[in-house]
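Visitor: Make a model of this:
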Amino acid sequence: MDLDRQGWLPCLLGGAVFAVCMAGTTLPTPLYPLYQEKFGFSELTVTVVYAVYAFGVIGVLLLAGNASDAVGRRPVLLWGLGFAAASAVCFLSATGLGWLYSGRLLSGLSAGLFTGAATAYVMELAPYGGASRATFVATAANMGGLGCGPLLAGVLAQYAAWPLYLPFAVHLALVAGSGAVVLWLPETVRERRPLGTVRPQRPSLPPQVRAVFGPAAIASFAGFALFGVFTSVSPAFLARSLNLHDHAVSGLVVALAFFASTAGQLAVGRVGVGRSLPLGCAGLLAGLVLLAGALRWDLLSLVVLSAVVGGGGQGLSFRGALAAVAEASPADRRAAVISTLFVVAYAGISVPVIGVGVLTGPIGLEGAGLVFIACMAVLVSSAGVYLLRRQPQASHRTSG
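Guide: Residues are numbered from 1 along each chain as shown. Next up is the predicted model:
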């Protein structure tokens with residue numbers, strides 16, 4: 001048992017570093033109402049500030065999504081931690097809206113470097129034969145870290161001094177510790193190439209990945225779109241429509257969605273990768289319906305249920321998507337292919353979020369949310385039907 005634990009220690013430490021980086025990307029979520037009061041900007045600006053992060057992620061994934069396949073995992077992760085530290089410094093120095101844009105952009109650059117590289121790194125640090133468990137460690141670190149960010153910031157903002165500063169100071173200390181851990185961990189890329197060999201890449205897929213990538217991308221887009229809108233506008237909805245100004249509760253509601261995603265990922269081992277994708281779409285659809293009810297009747301209980309149910313559906317679909325794509329990818333292209341999947345996912349975060357922000361002015365926050373829900377429900381339903389129709393065809397080909 002001790003040997004087994006020792007064998008898994010590097011993988012778990014890599015996952016912890018992954019979680020620390022991702023926590024920084026959602027740290028400002030429950031603080032946006034405070035920034036609105038301090039700097040006096042609109043709800044559209046909140047969504048744009050949030051989406052700047054996604055544009056940073058997509059830009060890095062396209063320009064350097066395959067960098068860790070060439071130069072190694074550790075150098076890329078150290079650069080990612082450097083951007084995370086710079087983002088925290090921007091928020092600590094914030095005296096106007098420009099600092100928030102800069103902080104979110106740097107946070108996006110950090111996440112862009114981490115998503116493909118850290119996922120591949122955690123899986124490669126696992127003991128032989130532990131691929132399935134390592135996939136869970138990677139995806140749980142990703143979503144668990146995203147959930148810890150708003151929870152940490154919300155609790156500190158509500159119960160400690162300096163609500164707009166202390167969360168980022170704490171995260172800066174965690175980033176410094178993570179850097180030390182990365183320096184201690186071994187490099188997993190054996191044949192490294194110079195940085196000059198890294199070229200901007202168009203989203204492309206090896207032939208053996210294309211069959212599984214379509215449904216994986218559909219599920220990832222829909223799940224991340226739900227998370228994007230939920231995390232960007234739910235604090236404002238809780239404050240304005242439900243008169244709930246407790247930052248800890250606001251952070252907890254957002255965190256529940258990400259923690260439920262982690263639980264959904266854990267359930268993939270029981271339901272199977274093939275079934276997790278259509279079941280995840282069903283969970284996403286149910287979460288959207290609950291969120292529509294919360295917006296229509298101003299009920300906190302439905303907001304919580306939508307976070308739990310929708311988050312669980314996102315976890316089922318996302319881990320199934322990631323496992324299928326990673327398994328089909330050749331080793332020397334794995335980080336690049338995973339990065340391509342995240343490009344699709346983060347497109348889901350950015351575009352619908354800005355759309356909701358644009359619609360908030362003319363039709364209000366609730367109306368904009370309902371329009372988003374209707375669009376996503378169509379997408380999720382179409383994806384679920386496609387996945388269910390594709391599954392028997394895949395089974396037929398396998399049996400044949």
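Visitor: Which SSE is immediately downstream of the helix or strand containing residue 327?
Guide: Using DSSP states H and E, residue 327 maps to helix 300-328. Sequence-wise, the next helix or strand beyond helix 300-328 is helix 334-399, with elements assigned using DSSP H and E.
Visitor: chain center to that next one, what's the gap?
Guide: Offset of helix 334-399 from its chain centre (CA atoms, centre = their mean, to the nearest Å): 14 Å.
Visitor: Next, the angle helix 300-328 makes with that helix.
Guide: Orientation check (axes from the mean of the first three to the mean of the last three CA atoms, to 10 degrees): helix 334-399 against helix 300-328 gives 80 degrees.
Visitor: pLDDT averaged over helix 334-399 - what is it?
Guide: Averaged across helix 334-399, pLDDT comes to 78.
Visitor: Kindly report the same for stretch 280-293.
Guide: For stretch 280-293, the mean pLDDT works out to 92.
Visitor: Only C-alpha atoms, please: export it in PDB.
Guide: C-alpha atoms of stretch 280-293 as PDB (Å, rounded to 0.1, in the frame of the first residue of the first chain):
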ATOM      1  CA  GLY A 280     -23.900  14.100 -19.400                       C
ATOM      2  CA  CYS A 281     -25.900  15.900 -22.100                       C
ATOM      3  CA  ALA A 282     -29.100  14.900 -20.300                       C
ATOM      4  CA  GLY A 283     -27.700  16.300 -17.000                       C
ATOM      5  CA  LEU A 284     -26.800  19.500 -18.700                       C
ATOM      6  CA  LEU A 285     -30.300  19.800 -20.200                       C
ATOM      7  CA  ALA A 286     -31.800  19.200 -16.700                       C
ATOM      8  CA  GLY A 287     -29.500  21.800 -15.200                       C
ATOM      9  CA  LEU A 288     -30.600  24.400 -17.900                       C
ATOM     10  CA  VAL A 289     -34.200  23.700 -17.100                       C
ATOM     11  CA  LEU A 290     -33.600  24.300 -13.400                       C
ATOM     12  CA  LEU A 291     -31.700  27.500 -14.100                       C
ATOM     13  CA  ALA A 292     -34.600  28.700 -16.200                       C
ATOM     14  CA  GLY A 293     -36.900  28.100 -13.300                       C
END
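Visitor: Check which residues of that stretch are buried.
Guide: 280-293 (16 or more other CB atoms under 10 Å). Every residue, glycine included, has its C-beta placed from N, CA and C.
Visitor: Tell me the one of these nearest residue 49?
Guide: Within the buried residues of stretch 280-293, the smallest distance to residue 49 is 21.8 Å, found for residue 291 (CB to CB).
Visitor: list the buried ones in the helix holding residue 327?
Guide: For helix 300-328, by 16+ other CB under 10 Å, it's 302-326, 328.
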